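**Student:** Prediction below, plus the sequence it came from.
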Amino acid sequence: MTVARPLDRLDRRILETLQLEARITNQELAKRVGLSPAPCWRRLKRLESEGVIAGYATLLSAPAIGLPVQAYALVSLENHHADTVGAFDQLVRERPEVLECHSMSGTNDYLLRIVAASMEAYEHFLSTQLLQLAAVRSVNTSFVLRTKKFTTQLPLE
């Protein structure tokens, strides 16, 4: 997404504040960034319409809701024909345990971030879903043992 215009100091302050506390009221946001509510609201709406703010979300703790296993799977496809990629894309879109899918440069074609209730649940997904696609040549999985850092905040320097 290309930003229509460069972000100024106030835009950055708005974005930094929202990344820390997305549920803040416009009144409080305006106070923290040093604006009155109406100009703050206009800036916020502009940042949304320009696509700088892509959306708002509630972040859940995967282990707290019964999904303690997090895996990163490097996937290589047999080829890059439209039907092959289409079948893979459809599986990725439909499977809720696939949280992220990135097309990659290098040896592998894709990197998937997957959550599961157990190692058995991951193995079941792998053997009955991912590896059942004729499009998939190989999958190499690494499991998260401990998360040292997790953030959704982007640097705004």
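**Tutor:** Ah, there it is.

**Student:** any idea how far the residue of the chain most remote from its centre lies from Arg5?
**Tutor:** When distances are taken from the C-alpha mean of the chain, Ser36 lies farthest, 32.5 Å away, according to C-alpha atoms, centre = their mean. Counting by C-beta to C-beta, to the nearest Å, the gap between Ser36 and Arg5 amounts to 21 Å. Every C-beta, even on glycine, is put in place using the N, C-alpha and C of the backbone.

**Student:** One more: Arg95?
**Tutor:** Counting by C-beta to C-beta, the separation of Arg95 from Arg5 is 39 Å.

**Student:** more neighbours, those two?
**Tutor:** Arg95 (15 against 8; other C-beta atoms under 10 Å).

**Student:** residue nearest the centroid of this structure?
**Tutor:** Nearest to the mean C-alpha position of the chain, by C-alpha atoms, centre = their mean, lies Glu100 at 5.8 Å.

**Student:** pLDDT score assigned to that residue?
**Tutor:** Reading off the confidence values, Glu100 has pLDDT 98.

**Student:** mind listing what it touches?
**Tutor:** When the contact criterion is C-beta atoms under 8 Å, 6 or more residues apart in numbering, the partners of Glu100 are Leu111, Leu112, Arg113.

**Student:** Please verify my assumption that the residue farthest from the centre of the chain contacts Ala30.
**Tutor:** Yes. Proximity of Ser36 to Ala30 meets the contact threshold set by C-beta atoms under 8 Å, at 6.0 Å.

**Student:** which parts of the helix or strand hosting Arg32 are buried?
**Tutor:** When secondary structure is defined using DSSP states H and E, the element that contains Arg32 is helix 26-33. Residues of helix 26-33 classed as buried: Leu29, Ala30, Arg32, Val33 (neighbour count, 16 or more other C-beta atoms under 10 Å).
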